[in-house]
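Student: The following block contains a protein sequence and its predicted model.
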Amino acid sequence: PDAVLVHADDRVLFANPAAARLLALPDERALAGAPLARFLDDEERASLAVASTAARHVRTRLRAADGATVDVEAATSPC
């Protein structure tokens with residue numbers, strides 16, 4: 001399955017096991033309440049903020065817990 005990450009106010013509200021694997025974390029509970037800044041640089045966070053105002057796809061990079069950069073295509077939509 002695809003990684004799912006739901007966030008609000010720059011904090012992770014929900015993540016599935018695939019998101020934890022993608023970000024090199026032991027399980028999805030490790031993401032709960034985490035700040036987005038932990039996984040996104042300022043430029044990527046700004047890009048996702050703009051994209052999330054309407055449903056769209058955007059290419060971005062995430063920073064995994066092990067320091068690796070992960071290229072992703074994010075499907076965004078406001079909730």
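Tutor: Now that the structure is in, tell me what you want to look at.
Student: from here on, contacts and neighbour counts on C-alpha atoms
Tutor: OK.
Student: Run through the residues that contact the closest residue to residue 5 other than its chain neighbours.
Tutor: Nearest residue to residue 5, sequence neighbours excluded (C-alpha to C-alpha, 6 or more residues apart in numbering): residue 15, at 4.5 Å. By C-alpha atoms under 8 Å, 6 or more residues apart in numbering, the contact list for residue 15 reads 3, 4, 5, 6, 28, 29, 31, 32.
Student: Let's see if you can find the most crowded of those residues.
Tutor: Using other C-alpha atoms under 10 Å as the neighbour criterion, residue 31 leads the contacts of residue 15 with 23 neighbours.
Student: And that one, how far from residue 72?
Tutor: Distance of residue 31 to residue 72, given as C-alpha to C-alpha, to the nearest Å: 17 Å.
Student: ditto for residue 36
Tutor: Separation of residue 36 from residue 72 (C-alpha to C-alpha) stands at 15 Å.
Student: Repeat that for residue 60.
Tutor: Here residue 60 is placed at a distance of 6 Å from residue 72 (C-alpha to C-alpha).
Student: higher neighbour count, the two?
Tutor: It is residue 60, of residue 60 and residue 72, that has more neighbours when counted by other C-alpha under 10 Å, with 17 against 13.
Student: Hmm, residue 75 and the more buried one touching each other?
Tutor: No. Counting by C-alpha atoms under 8 Å, residue 60 stays clear of residue 75, with 10.6 Å between them.
Student: one step back: now, the contacts of residue 15 that are in strands?
Tutor: Here DSSP state E is the test, and the contacts of residue 15 give 5, 6 as lying in strands.
Student: Mind putting the contacts of residue 15 into JSON lines with pLDDT?
Tutor: Converted to JSON lines, the contacts of residue 15 look like this (pLDDT from 0 to 100):
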{"residue": "3", "pLDDT": "95"}
{"residue": "4", "pLDDT": "95"}
{"residue": "5", "pLDDT": "92"}
{"residue": "6", "pLDDT": "92"}
{"residue": "28", "pLDDT": "96"}
{"residue": "29", "pLDDT": "96"}
{"residue": "31", "pLDDT": "96"}
{"residue": "32", "pLDDT": "95"}
